[in-house]
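Colleague: just to be clear, the model below is a prediction. Sequence and coordinates:
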Amino acid sequence: MLIADCGSTWTKILDTGSGSFEIIKTRDMVRRSDLHFDIATGHSARGRCASFRNELIALAEGALALVGEADFSVVDVGGRDVKFVRFGDRKVKKLDWNLSCGSSTGATIELLGNYYEVDFSALTASPEWINVTCGVFGMEKVLEQVSTGTPAQDSIAMFLHGMVRNVYDFTGRPETLYLSGGFCENRCFLKTFEGYCDIRPLGRAVPLEGLKAK
Amino acid sequence: MIPEGNGRIIGYYGYPRRSLLAAARRDFGANLPVVDLDIDHGAPDSGLLPQATCRIIANIMNNAVRLSGRLAVVVASVGEDKCDGGRNIAWLLKGMGFNVVESRFPSGENEDRPLVWSTCSGPLAGRIDRIMETVVDPPKRATLPRESPAGTAFPGELPVGASLPGESPAGAAFPGELPAGAAPRRCEPTHGFWGVPPNDFRILGLFPPATHIYGWTRCVEAGRPADMDLECFVDPGVPTVFFTQSFCAKQDLAHYLAEKHGGLEVDCHREINDSIMAKVEAFIKLS
């Protein structure tokens, strides 16, 4: 069975039979007319699967499959938006999905990183932050920082710090937070988050676990 | 709906005082259509307001500009029953030459109408439409209970299973509406919708039939458009979506109430998108 989490910028594909796991750019996925999934979730999945699952539900069920605790919070920081679920006694107590305001911050950091050729694995966490209301406003702040002499690396670390603050507030400032999505692989993001709470990366396949669990 | 042709129209927005709407009909023609300018009637963008403006306020301006000379008068809610945007638009329209009558709903004119459509079962969009129709054509008071039944949370709320008495001359609870025997009964809520009627009604199709209506829309049905206590009331334990248009001051209330009651805050600018639909869908399924 081929299952997929088709995000706005990255698509995660799992063949449950062979166990092969692949991450491709969504821009490449949409060009491949041969790709059709048995079950899929994500912004770009509609019309490309036999069965579509709601993204938040997939995240919730995936987190339950991966985390054994009774009470916990999980957040998925994606390219386009941020999704959050809080569990109490392994039942959903609160959920939210940050859309237009606060959106596209993940995709924006990728754009900025590519433009300024930033190596995120070597980027040092910044104690300073800029206000990242959304991707566009945040990018404007980075460009302003760079134009006034702040090195691009530092400006982007400040952008990441602004994102962390938003995610931390959005999730209700928990003591421990499980993280889903591509930022699990961003060392600077994780180091910055450690200044706020115990951040525990679950990787990029949490929604796929939710699809499997179903 | 806006009638075709060039005939004159009475426009209004918000929940004007009934006496002012009655005066507008008396002065400009009892048979003139009365049109709610809050609603998106398909008017083109006037370009007179910033893009980042509450869509309901933009609808008022767009509709007024499109209707222009057809508008005999605009009865404009500008008080606490509406918002600063309503007051500002009234000032702008007056400056543009429209005949504007300002309405500030006084608490002394609050009514205690029974909550029927807010608390019965049925498609949410249709029930909200019915409620908003009562701004212009309220049910006859003689057909409605005068006092709140004991044990109900707010004036006018009926006990579960209770229905309106069908005593109107036409045998209907609401003028031109249901026959006496078919008056809707109150149901236990499985979910809640809090807020104003959305610009894009597609979001309402996600809610199950036993969704109770809260917030300003409930205030309209009760005849108490500026009653903050009623506006901020929701039944404890009912999973509720707190909806506002983006760039609306009611977002502050929605945010606070969603946190307080473990509900879901949703705001939307212009049309609903797939993400908003998915967010609400997930909340309804998981709660």
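Modeller: Structure's in. What do you need?
Colleague: quick check: A:Arg46 vs B:Lys250, distance?
Modeller: According to Cβ to Cβ, to the nearest Å, A:Arg46 and B:Lys250 sit 32 Å apart. In short, each C-beta sits where N, CA and C put it, glycine included.
Colleague: which phi and psi does A:Pro201 have?
Modeller: Taking degrees, to the nearest 10, you get phi -70, psi 130 for the backbone angles of A:Pro201.
Colleague: what's the local residue count around it?
Modeller: Neighbours of A:Pro201 under the rule other Cβ atoms under 10 Å in any protein chain shown: 18.
Colleague: could you find the closest non-adjacent residue to it?
Modeller: With Cβ to Cβ, 6 or more residues apart in numbering or on different chains as the criterion, A:Pro201 has its nearest non-adjacent residue at 3.6 Å, and that residue is A:Cys184.
Colleague: A:Arg46 and B:Lys250: who's more crowded?
Modeller: More neighbours surround B:Lys250 than the other of A:Arg46 and B:Lys250, with 21 against 12 (other Cβ under 10 Å).
Colleague: how close does that one get to chain A?
Modeller: Per Cβ to the nearest Cβ, to the nearest Å, B:Lys250 is found 15 Å from chain A.
Colleague: ok, now which ones touch the residue in the stretch 1-150 of chain B that chain A sits nearest to?
Modeller: Distance from chain A to each residue of the stretch 1-150 of chain B (Cβ to the nearest Cβ) is smallest for B:Ala52, at 10.4 Å. B:Ala52 makes contact with B:Ser246, B:Phe247, B:His269, according to Cβ atoms under 8 Å, 6 or more residues apart in numbering or on different chains.
Colleague: which of the residues you listed come close to chain A?
Modeller: Among these, the residues lying close to chain A (Cβ under 8 Å from any Cβ of the partner chain) are B:Ser246, B:His269.
Colleague: take the contacts of B:Ala52 and lay them out in CSV including pLDDT, neighbour count and secondary structure.
Modeller: Compiled in CSV, those are given as follows (pLDDT from 0 to 100; neighbours: other Cβ atoms under 10 Å in any protein chain shown; DSSP: H, G, I helix; E, B strand; the rest coil):
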residue, pLDDT, neighbour count, secondary structure
B:Ser246, 91, 18, coil
B:Phe247, 92, 19, coil
B:His269, 87, 22, coil
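Colleague: turn the contacts of B:Ala52 into a markdown table, including distance to B:Cys83.
Modeller: What follows is the contacts of B:Ala52, written out as a markdown table (distance: Cβ to Cβ, whole Å):
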| residue | distance to B:Cys83 |
| --- | --- |
| B:Ser246 | 14 |
| B:Phe247 | 11 |
| B:His269 | 16 |
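Colleague: what is the nearest of the contacts of B:Ala52 to B:Leu92?
Modeller: B:Phe247 (16.5 Å; Cβ to Cβ).
Colleague: from what I can see the closest one touches B:His269, true?
Modeller: Yes. B:Phe247 lies in contact with B:His269 (Cβ atoms under 8 Å); the separation is 7.0 Å.
Colleague: relative to B:Val65, how far out is the residue in the stretch 101-250 of chain B that chain A sits nearest to?
Modeller: Relative to chain A, the nearest point of the stretch 101-250 of chain B is B:Ser246 (6.8 Å; Cβ to the nearest Cβ). To B:Val65, B:Ser246 is 22 Å away according to Cβ to Cβ.
Colleague: ok, now B:Glu188?
Modeller: 45 Å.
Colleague: more crowded one of the two?
Modeller: Neighbour totals were compared for B:Glu188 and B:Val65, and B:Val65 leads with 18 against 12 (other Cβ under 10 Å).
Colleague: could you find the closest non-adjacent residue to B:Arg66?
Modeller: Excluding the flanking residues, the one nearest B:Arg66 by Cβ to Cβ, 6+ apart is B:Ala43, at 3.8 Å.
Colleague: ranges for the helices of chain A?
Modeller: A:26-29, A:55-66, A:105-115, A:135-147, A:152-170, A:187-193, A:206-213 (DSSP state H).
Colleague: near chain A, which residues of the stretch 151-287 of chain B?
Modeller: Residues of the stretch 151-287 of chain B that fall close to chain A, judged by Cβ under 8 Å from any Cβ: B:246, B:262, B:264-265, B:267-269, B:273-276, B:278-279, B:281-283, B:285-287.
Colleague: filter those down to the buried ones, ChimeraX style.
Modeller: To isolate the buried members of those in ChimeraX, using 16 or more other Cβ atoms under 10 Å in any protein chain shown:
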select /B:246,262,264,265,267,268,269,273,275,276,278,279,281,282,283,286,287
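Colleague: give me the subset of the residues of the stretch 151-287 of chain B next to chain A lying in helices.
Modeller: Residues of those located in helices (DSSP H): B:Asp274, B:Ser275, B:Ile276, B:Ala278, B:Lys279, B:Glu281, B:Ala282, B:Phe283, B:Lys285, B:Leu286.
Colleague: as TSV, those with pLDDT and distance to B:Pro208 would be great.
Modeller: TSV is the format used below for those (pLDDT from 0 to 100; distance: Cβ to Cβ, whole Å):
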residue	pLDDT	distance to B:Pro208
B:Asp274	83	20
B:Ser275	84	21
B:Ile276	90	18
B:Ala278	91	17
B:Lys279	92	16
B:Glu281	95	11
B:Ala282	94	14
B:Phe283	95	12
B:Lys285	93	10
B:Leu286	91	14
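Colleague: check those residues and tell me the two furthest apart.
Modeller: Checking those with Cβ to Cβ, the most distant pair is B:Asp274 and B:Leu286, at 17.9 Å.
Colleague: and A:Leu99, what's its pLDDT?
Modeller: Looking at A:Leu99, its pLDDT is 70.
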